[in-house]
Every structure is written in structure tokens, then in C-alpha cells.
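[1] Sequence and predicted structure, then a few things I'm wondering about:
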Amino acid sequence: MNVSVLANTLIGSEIIKIGNEVNDMKRKGAQIANLTIGDFDPSIFPIPAELKDEIIDAYHHNHTNYPPADGILPLRETVVDILKDRYSLNYSVSDILIAGGSRPLIYATYLALIDPGDKVIYPAPSWNNNHYCHLSSAKGIAVVTTVENNFMPTADQLRPHLKGATLLALCSPLNPTGTMFTQEQLEEICEVVIEENKSRGANEKPLYILYDQIYSLLTFGRTHVNPVSLRPELKGYVIYIDGISKCLSATGVRVGWAFGPEVIISKMKALLGHIGAWAPKAEQVAVAKYFKNNNLVDLFLGSFKEQVQISLDELHNGFQQLKSEGFNVDSVIPMGAIYLTLKIDYIGKTTPSGDLIKNSADVNFYLIKEAQAALVPFSAFGNDESMAWFRASVGGCSLQDIKDMLPRIKAALGKLK
């Protein structure tokens with residue numbers, strides 16, 4: 001049976017593929033530390049108890065019909081307050097769009113701005129931009145970043161590619177690296193975007209920034225920065241993505257929001273209205289009430305962030321110990337999100353059974369088999385398979401799981417020749 005060109009050329013999520021293989025092995029009895037999916041094990045990282053109570057109460061009050069296409073007004077009003085209180089950003093309810101998590105909002109941003117063949121610039125590694133470019137028929141240009149800049153793109157790296165581009169897709173804290181922009185880095189990028197837009201004619205599309213800050217409330221001793229706070233003149237050109245999925249350990253609750261220029265947000269609303277990608281009404285009602293209480297939110301964030309950071313630090317310190325013992329590994333200090341960037345440079349080595357490790361995927365599956373530890377290579381985020389860097393997500397593992405895993409990784413790497 002023939003299908004569309006798009007369907008025929010669609011590439012599935014490499015992360016989900018690895019995660020599914022790991023889950024299949026676990027169903028067969030394997031004990032594997034699964035550091036693949038950017039998700040939370042609710043038995044380790046539950047959502048706030050008060051949020052759960054508000055969701056249940058909303059269902060008891062029969063909030064089970066369709067919500068408005070742009071989200072219920074009380075939630076959009078709450079988001080206005082969040083932006084003012086936590087980011088010093090001033091937006092109105094008409095600038096805000098609620099949806100079922102951040103994914104449909106990112107996709108809607110692409111569809112609202114991109115015509116087939118338009119240039120989209122994004123860093124590699126980064127999450128899913130290569131797939132969104134494919135889905136929107138964009139000409140995606142991946143700018144390969146380096147560990148020297150914590151895998152964050154710099155203005156100098158981006159500048160040569162911005163001429164004629166429609167969208168610059170950025171994320172901080174960054175998935176997959178758990179690293180963040182410094183104020184200076186982001187200011188320099190803002191300046192080159194402003195410079196590029198000044199060079200364009202009245203009939204040309206401007207260059208927009210998609211700024212994904214879904215992890216902005218999960219930072220460790222560092223200050224989150226954003227484009228409009230640094231350069232207010234960019235307000236008409238930045239579409240932000242945010243929500244509760246990560247900061248409240250609520251990936252399955254599916255409440256996200258975008259905010260930006262009303263003219264673009266309204267087009268995104270129309271697109272998502274046809275798709276029906278709104279967040280469930282009861283959950284919207286609950287989040288509107290829960291996030292109104294700043295003290296309650298801050299209390300949860302304090303303990304939640306501490307728990308996440310302890311796990312990240314345990315993994316980071318474990319890899320630094322391996323490095324000090326002569327293993328060809330490294331890690332980047334965790335700054336935000338739930339991810340640690342790991343270097344495991346064993347491509348070209350031979351396994352005890354005589355198999356050659358040809359690329360990062362081979363390294364990963366060797367560790368799954370020999371160390372019962374599953375990671376995601378950066379090749380899943382737009383980089384080449386020869387790159388020996390990996391994402392480790394701590395949301396699905398307990399602290400004890402991580403402690404137990406490190407000696408297994410050491411033993412497995414020690415067997416390679």
C-alpha cells in the first residue's frame with residue numbers, strides 16, 4: 001500500500017527505540033538502569049501531592065468537557081503571573097497558548113512560521129529539531145557545538161548561517177546536555193539576530209527565535225536567562241515554550257504553554273484547534289490553582305531539585321572518579337534539567353567476544369548488555385555516530401540504581417581491548 005512521501009520518509013524517535021528495547025529486556029527479567037527517556041519514574045519522583053489533589057477535585061467537579069482552544073482563562077492568567085513573578089516578563093492572556101505539553105507547541109511554531117524550503121538553524125546536539133524540520137519541510141542546518149562551550153551554540157558559530165533563515169531554535173537548559181547559556185553567550189546571540197533582522201527588507205520574513213525553556217525552573221546554582229529579558233526589542237520575534245512537564249515531574253499530566261507575539265500565537269491556536277492538542281480541562285483547572293500558590297510551588301521545587309541534583313552529582317562524580325583511574329571517560333558538570341553529558345570514548349575497541357565497537361550505538365548496546373546501563377548517544381540528537389558523547393537522564397533511576405550501576409560500567413569498560 002502506497003503512503004505519503006512524508007510518511008514514507010519519517011524516521012522514528014531514536015530515544016524511544018532505545019527505550020523500548022530496554023523495556024523489552026526488562027520485561028524478560030533483565031535488571032537495567034534505564035537512563036534513556038527524559039521522563040520520571042513516579043515511584044521515585046511523584047508529582048506534588050497538592051497538584052494531584054487539585055486534579056482529582058477538578059474531575060469531581062465535572063471539568064470533563066472541551067476546554068477553549070487557547071486554554072482556560074484562569075490558567076492563562078496564572079501563566080501571566082508566573083512570567084511576571086519568575087522571569088520579569090510582561091505578556092497578556094492573548095499572548096499565551098495552552099496545549100497538551102510542549103511538543104505540539106513546538107510543532108505548531110514550526111508550522112506557523114515555516115514554508116517548505118525555509119532555513120531553520122539549530123544546535124547539534126539538540127532535541128528533535130531535525131525531526132520537526134522534516135515534518136515541516138524545512139531546510140534544517142545543524143550547527144555542531146563543542147564541549148569547550150558546554151555544547152551551547154555561540155554567536156560566532158551561528159552568524160554564518162543566519163542570512164535568510166526563518167527560525168533559530170534554542171533551548172536552555174539544553175536537552176540533551178543539561179547545560180545552560182550564560183548571560184554573555186545569549187546576549188551575543190540576541191545581538192546577531194537583531195543585526196540580521198535590521199538587514200532585511202519590509203517584505204522579507206524576519207528571523208524568529210524559538211526559545212524552549214521547559215527546564216528553566218530546574219537549575220542548580222545558575223541563573224536562567226532568556227532573550228526578551230536581555231533584549232526587549234526582540235519581543236516581537238521570540239516564541240517561548242514552557243510548562244509543568246519537567247519542573248513538576250508531571251510529564252504525563254500534559255500541560256504546557258507557549259507565549260509570544262499575539263499574531264503568531266493566534267495562528268498556532270488555529271493550527272492546534274484543528275488537531276485537538278489541548279491539555280485536558282481538569283488538569284488545566286488544577287494547574288491554574290496550584291501554580292497560584294508560589295510558596296507551595298517553591299517548597300516542592302526546593303526538595304525536587306535537591307533530589308535530582310544529588311542523582312546527577314552522584315553520576316558526575318562517579319565518572320570523574322573513573323577518569324582519574326585512567327578510563328577514557330568524562331562528564332560535564334550538571335547545570336540544569338535532568339541530564340548529564342557523558343563521554344565514553346571506546347569506539348574502535350574490541351569486546352571480549354571479539355566484536356569491533358564501530359560507533360556510539362555499539363558502545364551503548366555493549367553497556368546495556370555488559371553493564372545493564374542504557375544511555376542515549378548524541379547521534380540521536382543530530383550528531384554523527386562517531387561522536388563519543390552520551391545523554392544520561394536520571395529521572396527514571398533511583399540514587400541507589402546509579403550507585404549500583406557505576407561499578408558495572410567500570411567492569412564492562414575494563415574488558416574492552
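    Alright, I've got the coordinates.

[2] other SSEs contacting the lowest-mean-pLDDT helix or strand in the chain?
    Counting by mean pLDDT, DSSP states H and E, the weakest-scoring helix or strand in the chain turns out to be helix 14-27, with a mean of 79. Under the contact criterion of 3 or more Cβ pairs under 8 Å, 6 or more residues apart in numbering; DSSP states H and E, helix 14-27 touches strand 33-34, helix 360-371, strand 373-374, strand 376-377. All C-beta spots, glycine's among them, are computed from the backbone N, C-alpha and C.

[3] List the buried residues for it?
    14-15, 18-19, 22-23, 25 (16 or more other Cβ atoms under 10 Å).

[4] Determine how far that helix lies from the middle of the whole chain.
    Centroid separation for helix 14-27 versus its chain: 19 Å, with Cα atoms, centre = their mean, to the nearest Å.

[5] Equivalent analysis for stretch 351-369, please.
    On Cα atoms, centre = their mean, the centre of stretch 351-369 falls 27 Å from the chain's centre.

[6] One more: stretch 300-315?
    Distance, centroid of stretch 300-315 to centroid of chain: 18 Å (Cα atoms, centre = their mean).

[7] same check, this time on stretch 47-65
    Distance, centroid of stretch 47-65 to centroid of chain: 26 Å (Cα atoms, centre = their mean).

[8] Residues contacting it, please?
    46, 248-250, 253, 281-287, 289-290, 293, 296-297, 300 (Cβ atoms under 8 Å, 6 or more residues apart in numbering).

[9] What segments of this protein are helices?
    Ranges of helices within the chain are 5-9, 14-27, 49-60, 73-87, 103-113, 129-135, 155-158, 183-198, 227-230, 262-275, 281-290, 294-324, 360-371, 399-414, based on DSSP state H.

[10] With residue 337 as the reference, name the closest of the helices and strands packed on helix 14-27.
    strand 376-377 (13.6 Å; Cβ to Cβ).

[11] What helices and strands are in contact with that closest one?
    The contact analysis (3+ Cβ pairs under 8 Å, 6+ apart) places strand 376-377 against helix 14-27, helix 360-371, strand 389-393.

[12] Now do the shortest one against helix 399-414, angle only.
    Think strand 389-393. 160 degrees (axes from the mean of the first three to the mean of the last three Cα atoms, to 10 degrees).

[13] what does the first one give?
    Angle, helix 14-27 to helix 399-414, by the same axes, to 10 degrees: 100 degrees.

[14] CA atoms only for helix 14-27 - export them in CSV, please.
    Listed next in CSV are the C-alpha coordinates belonging to helix 14-27 (Å, rounded to 0.1, in the frame of the first residue of the first chain):
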residue,chain,number,x,y,z
GLU,A,14,15.8,7.0,18.3
ILE,A,15,15.4,7.7,22.0
ILE,A,16,12.0,5.9,22.1
LYS,A,17,13.5,3.0,20.1
ILE,A,18,16.3,2.5,22.6
GLY,A,19,13.9,2.9,25.5
ASN,A,20,11.6,0.3,24.0
GLU,A,21,14.4,-2.2,23.6
VAL,A,22,15.5,-1.6,27.2
ASN,A,23,11.9,-2.1,28.4
ASP,A,24,11.6,-5.3,26.4
MET,A,25,14.7,-6.6,28.1
LYS,A,26,13.4,-5.6,31.5
ARG,A,27,10.1,-7.5,30.8
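
[15] between that helix and helix 360-371, how many degrees?
    Going by the same axes, to 10 degrees, helix 14-27 makes 20 degrees with helix 360-371.

[16] With adjacent residues omitted, what lies nearest to residue 349?
    If the residues on either side of it in the chain are set aside, residue 349 comes closest to residue 416, at 4.1 Å by Cβ to Cβ, 6 or more residues apart in numbering.

[17] Would you check that the one you found makes contact with residue 353?
    No: using Cβ atoms under 8 Å, residue 416 is not in contact with residue 353, being 11.1 Å away.

[18] Among these two, which residue is more densely surrounded?
    Using other Cβ atoms under 10 Å as the criterion, residue 416 and residue 353 rank with residue 416 on top: 17 against 9.
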